[in-house]
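>>> requesting a structural model of the entry that follows:
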Amino acid sequence: MKIVIFGANEIGFMIASGFYTDNDITVIDEEKNKVDSFNKLDVGFVYGNASSIEVLKQADIKNADVFIACNDSDELNIVACLTVKRLSKAKTLCFVRKEEYKSSLGIAKDAEYNGDLYIDNVIWPEELLTQEIYRIITVAKALDVENFADGRARLLEYKIGKNSVLINCTLKNCEFPKDTLIVGITRDDELFIPNGNTSLKEDDKVIFMGLSHSLNILAGKFFHEKEFEKYITIIGGGSVGLKLAKSLENLKLKIKIIEQNEERCNFLSQELNNVLVINGDGTDLELLNEEDIAYSDVVVSVTDNDEKNLLCSLLVKQMGAKRVISRVSKNTNVSLFEKVGIDIAISSKTASINEIKNSIKDTNIGILATVEQGKGEVLKIEIPETFETKKIMEMRLPAKAIVGVVQRRKRIIIPNGATQIMGGDNLIIFTTSENAPIIKNFFEDI
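As a prediction, the model looks like this:
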């Protein structure tokens with residue numbers, strides 16, 4: 001495919017890095033000094049503004065299959081996408097930072113009068129970030145949560161604590177509930193695919209897949225999911241903090257939101273019905289003590305500043321908060337946050353990349369999610385109707401991967417090696433990012 005990217009920023013670099021090996025990539029940006037970070041990638045570069053017809057022509061937009069606008073300006077991204085629609089048949093993906101643009105552009109796309117001037121996919125990273133934090137909060141102790149097959153199947157990630165009964169237990173002897181599988185383990189920052197003889201160790205981060213009901217049983221038995229989060233503190237009342245609080249306030253939780261801007265606090269108070277809004281600084285120790293933040297089951301720091309999120313998170317963690325989730329703007333900071341003791345660090349950019357990969361897939365294979373900062377991938381494989389029925393063990397996958405879920409029409413199956421794969425099945429497969437291209441190639445050829 002020919003892909004044109006408008007924006008040589010961090011998200012533009014992540015997109016180019018993920019697609020340049022198999023696609024023809026051209027990057028557009030006005031600042032020439034940004035090209036240095038792209039030098040190691042085999043991509044073309046055009047200097048200018050993608051809202052200009054002449055610049056788009058230089059990028060050969062007429063022959064492009066996909067146009068991705070991820071510039072730092074919402075307005076330029078929107079104008080560029082609409083201009084592309086006039087010049088080519090390329091699929092347009094537009095990043096926006098303001099919720100009102102996401103809402104209005106979504107309506108415009110469905111309007112009968114828009115003709116050819118619409119945007120195919122509007123991506124608001126803050127919305128994806130909020131959805132991910134919400135999923136994690138509503139499953140106690142979980143480090144990551146992904147839902148599949150309309151919520152009937154799930155991926156859950158947990159850390160093995162120092163007192164866990166699972167320490168030194170080999171997987172074949174762990175007696176996990178039926179319809180659950182361990183598909184990946186991260187140990188010493190390395191993600192690997194386990195087998196039945198793998199033993200679990202303290203501090204392992206273990207990735208499970210299975211039926212949602214079965215995973216609830218597993219979590220209750222080994223990770224205390226019945227301890228549902230009750231006291232939630234959100235630091236930062238911006239768009240993410242507000243949207244998260246709105247999502248949580250109907251769950252009978254006790255929620256506090258700390259916001260430094262007094263005018264914003266007044267707005268939050270009008271928007272939220274069951275949330276205590278506190279005007280103050282999330283780094284103010286006296287305030288944190290007065291409000292008993294240390295007794296929170298979860299503290300979520302979602303200001304738009306990485307340094308402040310890190311400081312707030314470290315303070316409340318040291319004060320005794322049970323679980324701390326921190327927003328990270330720069331993707332490279334995720335591992336740093338976790339290394340210094342933050343329970344969960346989340347970047348909206350990772351979720352955005354997944355959204356893009358699913359939007360522009362041109363084969364029977366899509367990416368449902370990535371885990372552990374992109375070290376693992378969850379693939380959705382659509383098996384052709386003409387496929388000759390085989391057992392999973394007979395398929396002889398060319399690289400380590402685990403078929404975690406088989407979706408057969410309305411039926412969800414958690415398989416084993418003897419499970420038969422039939423034409424028309426949808427497979428959800430877990431593998432490492434290193435092995436993902438090998439697995440994709442294998443299924444593209446079946």
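>>> domain parsing for the protein?
2-123, 128-132+229-350, 362-444 (automatic domain parsing).
>>> and of those domains, who's closest to residue 217?
domain 362-444 (12.9 Å; Cβ to Cβ). In this view, the C-beta of every residue, glycine as well, is placed from N, C-alpha and C.
>>> same question for the closest one, mean pLDDT?
Averaging pLDDT along domain 362-444 gives 92.
>>> and it, how far from the chain's centre?
Relative to its parent chain, domain 362-444 has a centroid offset of 20 Å by Cα atoms, centre = their mean, to the nearest Å.
>>> mind putting the domains of the chain into JSON lines with mean neighbour count?
Converted to JSON lines, the domains of the chain look like this (neighbours: other Cβ atoms under 10 Å):
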{"stretch": "domain 2-123", "mean neighbour count": "18"}
{"stretch": "domain 128-132+229-350", "mean neighbour count": "19"}
{"stretch": "domain 362-444", "mean neighbour count": "17"}
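>>> can you redo those domains as JSON lines with distance to residue 194?
Shown next, in JSON lines, are the domains of the chain (distance: least, Cβ to Cβ, whole Å):
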{"stretch": "domain 2-123", "distance to residue 194": "26"}
{"stretch": "domain 128-132+229-350", "distance to residue 194": "21"}
{"stretch": "domain 362-444", "distance to residue 194": "9"}
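>>> nearest to residue 197, of the ones you listed?
That would be domain 362-444 among those, by Cβ to Cβ, at 14.2 Å.
>>> hang on, the earlier thing: which stretch among the domains of the chain comes nearest residue 144?
The nearest among the domains of the chain, by Cβ to Cβ, is domain 362-444 at 5.7 Å.
>>> poorly predicted segments of this structure, please.
Where the chain drops to pLDDT under 70, the residues are 106-117, 224-229, 361-363.
>>> hey, where'd the helices end up in the chain?
10-19, 53-58, 74-87, 99-110, 125-137, 212-218, 239-248, 262-271, 285-290, 306-319, 334-339, 348-359, 392-395, 436-444 (DSSP state H).
>>> okay, the ones you listed in TSV with distance to residue 428 next?
TSV is the format used below for the helices of the chain (distance: least, Cβ to Cβ, whole Å):
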stretch	distance to residue 428
helix 10-19	20
helix 53-58	38
helix 74-87	31
helix 99-110	28
helix 125-137	17
helix 212-218	13
helix 239-248	25
helix 262-271	37
helix 285-290	42
helix 306-319	32
helix 334-339	24
helix 348-359	13
helix 392-395	13
helix 436-444	12
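>>> residue 152 is nearest to which of these?
From the helices of the chain, taking Cβ to Cβ, the stretch that ends up closest is helix 212-218, at 5.9 Å.
>>> what packs against that closest one?
strand 153-159, strand 180-187, strand 205-211 (3 or more Cβ pairs under 8 Å, 6 or more residues apart in numbering; DSSP states H and E).
>>> buried ones in it, by neighbour count?
212, 214, 215, 216, 217, 218 (16 or more other Cβ atoms under 10 Å).
>>> as CSV, the helices and strands packed on helix 212-218 with mean neighbour count and distance to residue 49 would be great.
Compiled in CSV, the helices and strands packed on helix 212-218 are given as follows (neighbours: other Cβ atoms under 10 Å; distance: least, Cβ to Cβ, whole Å):
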stretch, mean neighbour count, distance to residue 49
strand 153-159, 23, 41
strand 180-187, 22, 42
strand 205-211, 24, 43
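>>> pipe those into a markdown table and attach distance to residue 288 per row.
Shown next, in a markdown table, are these (distance: least, Cβ to Cβ, whole Å):
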| stretch | distance to residue 288 |
| --- | --- |
| strand 153-159 | 25 |
| strand 180-187 | 31 |
| strand 205-211 | 28 |
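>>> closest one to residue 289 among these?
strand 153-159 (27.9 Å).
>>> what's that closest one in contact with?
Here strand 153-159 makes contact (Cβ atoms under 8 Å, 6 or more residues apart in numbering) with 139, 141-148, 183, 203-212, 215, 219, 222-223, 369, 371, 378, 404-405, 407, 412, 414, 428, 430.
>>> also stretch 426-442?
So stretch 426-442 is contacted by 148-149, 153, 155, 183-184, 191-193, 207, 209, 363, 365, 368, 370, 374-383, 397-408, 421 (Cβ under 8 Å, 6+ apart).
>>> one more time with 7 Å
If you take Cβ atoms under 7 Å, 6 or more residues apart in numbering as the criterion, stretch 426-442 is touched by 148, 183-184, 191, 193, 209, 365, 368, 374-383, 397-407, 421.
>>> and the residues you listed, which of them are in strands?
In strands, judged by DSSP state E, the following of those are found: 148, 183-184, 191, 209, 365, 368, 376-382, 401-407, 421.
>>> to residue 162, which of the domains of the chain lies closest?
Nearest to residue 162, of the domains of the chain and by Cβ to Cβ, is domain 128-132+229-350 at 15.0 Å.
>>> measure that closest one end to end?
9 Å (Cα to Cα, to the nearest Å).
>>> tally of neighbours for the residue lying closest to residue 371 once chain neighbours are set aside?
Computed as Cβ to Cβ, 6 or more residues apart in numbering, the closest residue to residue 371 that is not its neighbour in sequence is residue 144, at 5.7 Å. Around residue 144 there are 21 other residues, counting by other Cβ atoms under 10 Å.
>>> what's across from residue 144 in the sheet?
Counting by DSSP bridges, residue 144 forms beta bridges with residue 157.
>>> check contacts around it.
Residue 144 sits in contact with 136, 157, 371, where contact means Cβ under 7 Å, 6+ apart.
>>> with respect to residue 84, which of the residues you listed is nearest?
Using Cβ to Cβ, the contacts of residue 144 come closest to residue 84 at residue 371, 32.9 Å.
>>> what's opposite the closest one in the beta bridge?
In beta-bridge terms (that is, DSSP bridges), residue 371 pairs with residue 376.
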